[in-house]
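K.L.:
Provided below for reference: sequence and predicted model.
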Amino acid sequence: MLILLFASWELGLSSINTALWSTLTLLSLAIVKIMSSQNKALLILLSLEVISLTLFLCLMFKMLPIAPVFIFSYLVMMVCEAAVGLSLLIRTSRNKGNDYL
């Protein structure tokens, strides 16, 4: 990640392009992590949170001047999604004894 930021700074790219490249890198890493963490529910939930955060960063860079209400509503939905996912993980781990799906 730091290498990507340094390379874009050396090439003279703007800060918005650098931020978009960083968010795309985070998004691709999270998708790869979801595909590689086969049955571990906690790792899948954490990867989904990283995807949500990268989408939030993209929304913030593109839509902040237009509609901050949409960004706030997205954050509210992201928090609700995390709470539901964590509660389901706790319920499943109490029933089964581990977090394997």
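P.N.:
Everything's here; your move.
K.L.:
Which SSE is immediately downstream of the lowest-mean-pLDDT helix or strand in the chain?
P.N.:
In the chain, the helix or strand scored least confidently by mean pLDDT, DSSP states H and E is helix 2-11, which has a mean of 48. The C-terminal neighbour of helix 2-11 among helices and strands, as given by DSSP states H and E, is helix 15-36.
K.L.:
list the helices and strands that next one packs on?
P.N.:
If contacts are counted by 3 or more Cβ pairs under 8 Å, 6 or more residues apart in numbering; DSSP states H and E, helix 15-36 sits against helix 2-11, helix 41-63. Heads up, the C-betas are built off the backbone N, CA and C, glycines and all.
K.L.:
So for the last one, what gets flagged as buried?
P.N.:
In this case it means helix 41-63. 41, 44-52, 54, 57, 59 (16 or more other Cβ atoms under 10 Å).
K.L.:
Would you convert those residues into JSON lines that also reports pLDDT and distance to Ser87?
P.N.:
Shown next, in JSON lines, are the buried residues of helix 41-63 (pLDDT from 0 to 100; distance: Cβ to Cβ, whole Å):
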{"residue": "Ala41", "pLDDT": "74", "distance to Ser87": "12"}
{"residue": "Ile44", "pLDDT": "78", "distance to Ser87": "15"}
{"residue": "Leu45", "pLDDT": "80", "distance to Ser87": "11"}
{"residue": "Leu46", "pLDDT": "79", "distance to Ser87": "15"}
{"residue": "Ser47", "pLDDT": "78", "distance to Ser87": "18"}
{"residue": "Leu48", "pLDDT": "79", "distance to Ser87": "14"}
{"residue": "Glu49", "pLDDT": "82", "distance to Ser87": "14"}
{"residue": "Val50", "pLDDT": "80", "distance to Ser87": "20"}
{"residue": "Ile51", "pLDDT": "80", "distance to Ser87": "19"}
{"residue": "Ser52", "pLDDT": "82", "distance to Ser87": "17"}
{"residue": "Thr54", "pLDDT": "78", "distance to Ser87": "24"}
{"residue": "Leu57", "pLDDT": "76", "distance to Ser87": "26"}
{"residue": "Leu59", "pLDDT": "74", "distance to Ser87": "26"}
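K.L.:
hmm, which two among the residues you listed are most spread apart?
P.N.:
Within those, Ala41 and Leu59 form the most distant pair, 26.7 Å apart (Cβ to Cβ).
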